[in-house]
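> Below: sequence and its predicted model.
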Amino acid sequence: MSFEFRQLTKTFAVAPQLQPEDLQAAAEAGFKSVIINRPDFELEFNQPSSDTMIAAAQQAGLSVRYQPVVSGSITMENVQEFKQLLAELPTPILAYCRSGGRCANLFQYAQQN
């Protein structure tokens, strides 16, 4: 199974919406943690729920956190929470949302603050 991701640093990458089977591939690619930044049922009602993805991540041996962030509405609180997750979770970390852009923005803002 192959999935697409964009490496931003040696310890952090972003991806568009993942499927449960992608999390095993992420573990096999060397990722240790996953951050889910996409809220449940955002635009597409057929996207896997965070509960489904958390279970799949845990089954793959990944640390996982669900931090839903509304697209286009990133707050300073979101940035601070994301920064804390980056400090706490084992690396390398893979974060995903609908396109990967929200996660990349959170990462950029976390580096600046």
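That came in fine, so what should we check first?

> going forward, measure contacts and count neighbours with C-alpha atoms only.
Noted.

> For the spatially most central residue of the chain, give me phi and psi.
Nearest to the geometric centre of the chain sits Ala95, at 2.1 Å (CA atoms, centre = their mean). The phi and psi values for Ala95, taken as degrees, to the nearest 10, are phi -110, psi 140.

> now do Ala13
Note on Ala13: its backbone torsions stand at phi -140, psi 160 [degrees, to the nearest 10].

> Strands along this protein, start to end?
Along the chain, counting by DSSP state E, strands occupy 6-9, 12-15, 33-36, 63-66, 93-96.

> Show me the contact partners of the third one.
Which is strand 33-36. 50, 57, 62-68, 89-97 (CA atoms under 8 Å, 6 or more residues apart in numbering).

> Please point out which parts of that strand sit buried.
Under the neighbour-count criterion of 16 or more other CA atoms under 10 Å, strand 33-36 has Ser33, Val34, Ile35, Ile36 buried.

> sorry, back to before: list the contacts for the residue nearest to the centre of the chain?
Phe12, Ala13, Val14, Ala15, Val34, Ile35, Ile36, Asn37, Cys103.

> ditto for Arg6
Here Arg6 is in contact with Ala13, Val14, Ala15 (CA under 8 Å, 6+ apart).

> If you rank those residues by neighbours, which is first?
Counting neighbours by other CA atoms under 10 Å, Val14 comes out on top of the contacts of Arg6 with 24 neighbours.
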